[in-house]
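Novice: Requesting a structural model of the entry that follows:
(3 chains)
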Amino acid sequence: MAKELWKGNEVIAEAAIRAGCDCYFGYPITPQSEVPEYMSVHMPKHGRIFVQAESEVAAINMVYGAAACGLRAMTTSSSPGISLMQEGISYIAGSRLPAVIVNCMRGGPGLGTIQPSQADYYQSTRGGGHGDYRTIVLAPSNIQELADFVQEAFDIADYYRNPVMIAVDGMIGQILEPIEWRPVKRRELPPKDWATTGKRGRKTPNLVTSLFMDPEDCDRMNQLMGENLKRIEENETRYEAIGCDDAEIILVAYGTPARIIISVLDELRTQGIKAGLFRPISLWPFPEKPLHDYVAKDNVKLVLDVEMSLGQMIDDVRLAIKGKKPVHFYGRAGGIVPTVEEIIEAAKKALKEAK
Amino acid sequence: MMIKLISAGFGGQGALAIGKNLVEAGMREGLEVTWTPSYGPEMRGGTANCSVVLSEKRIGSPVFSSPTDLIALNLPSLNKFAGKVKPGGNIFINSSTVSEKVERSDVNVYYVPCGEIADKVGNPKAVNMVMLGAYIGVSEAVKVETVETIIREMFAGAKEKYIPANIAAFQSGIDFVKQYE
Amino acid sequence: MAYIYKRSEGLRDIPMHYCPGCHHGIVHKLVAEVLEEMDLLDEVIGVCPVGCAVFAGDYFNCDFQEAAHGRAPAVATGIKRTHPNQPVFTYQGDGDLASIGAGEIVHAAMRGEKFTTVFINNGIYGMTGGQMAPTTLIGMKASTCQDGRSAEQAGMPMRMSEMLATLDGCVYAERVCVIDIPNLNKAKRAIKKAFEYQMAGKGFTFIEVLSTCPTNWGMTPLKANQFLKEKMAAYYQLGVVKDTAQEVK
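Specialist: Numbers count the residues shown, from 1 in each chain, chains lettered A, B, ... in the order given. Now for the predicted structure:
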């Protein structure tokens, strides 16, 4: 298949359309406004639904309404907007509904900056809203992965009846790169017999709700959800490891910093330093065991966690490593993308300290 | 080959388009490419720039602190990036709007009067096409024919009448930098 | 055997939790009867609020979704846009609709979303125990305005029907009550008209039902009805607030 040049944000929209997204509800926010713009033009062409909501709060609830009818529903936003959506995401998870949410992260807290960031890691991987749920979080690091993951996300959400979040920093939304529209893994999906479609001859009406007045019922729902989350942890963990087999230092990063580190590895290796990259692709479930196994090997002296935040994923890195090796950190916050040179320096400094 | 180019100018001068044409051509020639725009308030009338990487192998970082090449279509862009270009790198200046000279002696500087050249071929809007020609004339990053094909496709259909003037502007840029050889 | 009276097919055989004298049960019945008479029970999708009617989805014999507090109009938008030929309605109280969900209802009306909203206005938060609502009358006591609502502190009560009627997308708004049989019949006709307009694709339709909350008002059901008639209806005038459905092609 021929390669085509695509911009990240437009890939998000087009990939959703190709995955059979029935309806898109969104609200403008930089740096992802190209997504609703693209959707407003192209969804109607495919006979699908586009609505510009009055707020992110409304957008996620429109997603809820459509998803509860059994449709493939999606919204996209950036950090402050995703904060507003947390209520709705909690209800979606609590009602066991599939939905796809894309967060083009920008610097926070508050209004922050429109420049790229990864400061929503906690919010994305810990549920984000109230209650005991998790969203499945995929973090593509280039535009091809973005195209693949957005398409896959709809199947994953339907398969597990759980919201899926695609978490990218704002820069990935802006980049133009060659991609192929290649077929993605398709799953055999369970029927949506829970959907509110109108009773249509059914004996009992379907009720989509996250309300359980009896705590026993609520516990039962949570246990079921917990079992589902366990299944997800067992089956949906993704990562990439580059040069980790002989590495003395393993850098851990996702998204844009991870691809910057690919340049860092080349440079470090020409300088005689054996460096590897461990890149979590699924942020939740976190690839705990593979990271542990790489780091536990004798050749590894230490780990350097690199993020576009003050250090959030580092908690998961430490939990995975179980104190076996020292974990160092390098991060830039507030919309700054760390440079190759900065990371090289941080790696060398960490190695020096280890000696 | 590993080209790291920053192309910068006022919004509307076509700095971003130069970068897009380059990555489109690079992709067609089988190179790995990325194009990353600066975004934000710059998009609304200020200075706009993009970072372009053309490489024979997998591209790591799509952004970089020191470019191998710089295209500066206006003075603020030159001031912002000229000091960051790698020694031995290339700076292309639109001398129709920038009268300042580059003080550094460790880089190759090309002063291209894009405005005058574009006027001469009867296509005053094609400042970016002239600069694209000048850049490719020097860097040989991609083949001339590939870019010409892209220009033809870009103006296919109703805009077909603009093809000759744009190719002429592009070719004039290539011709202009021959004097530097 | 001839039936003189029976429960509507639109309601399930589940005892309701509403307090004695509350109007929710009556309004549920009216909506259910309208849906049954219009033969819509197999097609309709309802959205219930947070508030006393949070369990409405258990009582109605049709598909239902439970929305987050105030978000029912957004949820209904998601349903109706993807199911343009099926009847959709929200059932919301005044805290849900006029306070936390004011934005959602206004914008659904602005867009002319083709669903029906049944709005229960009893001037108080029932479920949480009698706090002041945006619709609480001046001087009316609530647990967060124990000396009675003052305009200085809390502003003047909100007239939702009149407010939404200013929006072109809202083609029909009527305020009704169910304190006696003539009013109850009027209310049912209004609900029916709203669903008929909806099915004809006219636009957003809004039925405001003035209701009582004897428990939190601290009144007997009869006293509460009296209060509604004398005080509430004086501020919130009963009748058709807007009906431009005929003008819509």
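
Novice: Only C-alpha atoms from now on, for both contacts and neighbour counts.
Specialist: Fine.

Novice: Check what contacts stretch C:226-237 and list those residues.
Specialist: Outside stretch C:226-237, the residues within contact range by C-alpha atoms under 8 Å, 6 or more residues apart in numbering or on different chains are C:137, C:159, C:175, C:179, C:210-212.

Novice: actually stretch C:241-249, not the one I wrote
Specialist: By C-alpha under 8 Å, 6+ apart, stretch C:241-249 touches C:161-162, C:165, C:171-175, C:197, C:202-203.

Novice: Repeat the analysis, applying 6 Å as the threshold.
Specialist: With C-alpha atoms under 6 Å, 6 or more residues apart in numbering or on different chains as the test, stretch C:241-249 has contacts from C:165, C:171-174, C:202.

Novice: Max pairwise distance over those residues: which two?
Specialist: The distance between the two most remote of the contacts of stretch C:241-249 (C-alpha to C-alpha) is 15.3 Å, for C:E174 and C:K202.

Novice: Distance from the strand or helix carrying A:V57 to the middle of the chain?
Specialist: Element membership of A:V57, judged by DSSP states H and E, is helix A:56-68. Centroid separation for helix A:56-68 versus its chain: 19 Å, with C-alpha atoms, centre = their mean, to the nearest Å.

Novice: So what's the model's average confidence on that helix?
Specialist: The average pLDDT for helix A:56-68 rounds to 98.

Novice: Stretch B:32-46 now?
Specialist: Summarised as a single mean, pLDDT over stretch B:32-46 is 75.

Novice: and what of stretch A:327-334?
Specialist: On average, stretch A:327-334 scores 96.

Novice: Smallest gap between chain B and chain A, at which residue?
Specialist: B:S61 (3.8 Å; C-alpha to the nearest C-alpha).

Novice: Name the nearest residue to that residue, ignoring sequence neighbours.
Specialist: With C-alpha to C-alpha, 6 or more residues apart in numbering or on different chains as the criterion, B:S61 has its nearest non-adjacent residue at 3.8 Å, and that residue is A:I260.

Novice: Which residue ranges of the stretch 251-355 of chain A form helices?
Specialist: In the stretch 251-355 of chain A, the helices defined using DSSP state H, counting those that start in this stretch lie at A:255-270, A:288-296, A:313-321, A:340-354.

Novice: Tabulate the CA atom coordinates of the longest helix along chain A in PDB.
Specialist: Ranked by number of residues, the top helix in chain A under DSSP state H is helix A:215-235. The C-alpha trace of helix A:215-235 is given here as PDB (Å, rounded to 0.1, in the frame of the first residue of the first chain):
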ATOM      1  CA  PRO A 215     -24.300  -1.800  48.200                       C
ATOM      2  CA  GLU A 216     -24.300  -5.600  47.600                       C
ATOM      3  CA  ASP A 217     -25.300  -4.900  44.000                       C
ATOM      4  CA  CYS A 218     -22.800  -2.200  43.600                       C
ATOM      5  CA  ASP A 219     -20.100  -4.400  45.000                       C
ATOM      6  CA  ARG A 220     -21.100  -7.200  42.600                       C
ATOM      7  CA  MET A 221     -20.900  -4.700  39.700                       C
ATOM      8  CA  ASN A 222     -17.400  -3.600  40.900                       C
ATOM      9  CA  GLN A 223     -16.200  -7.200  41.200                       C
ATOM     10  CA  LEU A 224     -17.400  -8.000  37.700                       C
ATOM     11  CA  MET A 225     -15.600  -4.800  36.500                       C
ATOM     12  CA  GLY A 226     -12.500  -5.900  38.400                       C
ATOM     13  CA  GLU A 227     -12.500  -9.300  36.800                       C
ATOM     14  CA  ASN A 228     -12.800  -7.600  33.400                       C
ATOM     15  CA  LEU A 229      -9.900  -5.300  34.300                       C
ATOM     16  CA  LYS A 230      -7.800  -8.300  35.300                       C
ATOM     17  CA  ARG A 231      -8.500  -9.900  31.900                       C
ATOM     18  CA  ILE A 232      -7.400  -6.600  30.300                       C
ATOM     19  CA  GLU A 233      -4.200  -6.700  32.300                       C
ATOM     20  CA  GLU A 234      -3.500 -10.200  31.200                       C
ATOM     21  CA  ASN A 235      -4.200  -9.700  27.500                       C
END
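
Novice: quick one: strands adjacent to the helix or strand that it is followed by?
Specialist: Beyond helix A:215-235 on the C-terminal side, the first helix or strand identified by DSSP H and E is strand A:239-242. Sheet partners assigned to strand A:239-242 using DSSP bridges are listed as strand A:275-280 (antiparallel).

Novice: Report the angle between the partner strand and helix A:255-270.
Specialist: 160 degrees (axes from the mean of the first three to the mean of the last three C-alpha atoms, to 10 degrees).

Novice: Can you check what angle separates strand A:275-280 from helix A:313-321?
Specialist: Strand A:275-280 runs at 100 degrees relative to helix A:313-321, counting by the same axes, to 10 degrees.

Novice: quick one on the thing from earlier: ok, and what's touching the very next helix or strand once past the helix holding A:V57?
Specialist: As assigned by DSSP H and E, the chain's next helix or strand after helix A:56-68 is strand A:73-77. Applying C-alpha under 6 Å, 6+ apart, the contact partners of strand A:73-77 are A:21-26, A:63, A:67, A:99-103.

Novice: for strand A:73-77, the distance to its chain's centre please.
Specialist: 13 Å.

Novice: now stretch B:173-181
Specialist: Remark: stretch B:173-181 is offset 15 Å from the chain centroid, using C-alpha atoms, centre = their mean.

Novice: Now B:G30. Its backbone dihedrals?
Specialist: Per-residue torsions, B:G30: phi 80, psi 10 (degrees, to the nearest 10).

Novice: Around chain A, pick out the residues from chain B.
Specialist: Residues of chain B lying close to chain A by C-alpha under 6 Å from any C-alpha of the partner chain are B:34-36, B:60-61.

Novice: Of these - the most surrounded one?
Specialist: For those, the largest neighbour count, defined by other C-alpha atoms under 10 Å in any protein chain shown, is 32 neighbours, found at B:T34.

Novice: from what I can see it touches A:Q174, true?
Specialist: No: with contact defined as C-alpha atoms under 6 Å, B:T34 does not reach A:Q174; the gap is 10.6 Å.

Novice: in chain B, which spans are strands?
Specialist: B:2-10, B:32-37, B:47-55, B:69-72, B:90-94, B:108-112 (DSSP state E).

Novice: Check which helices and strands the third one sits against.
Specialist: Under the contact definition 3 or more C-alpha pairs under 6 Å, 6 or more residues apart in numbering or on different chains; DSSP states H and E, strand B:47-55 sits against strand B:2-10, strand B:32-37.
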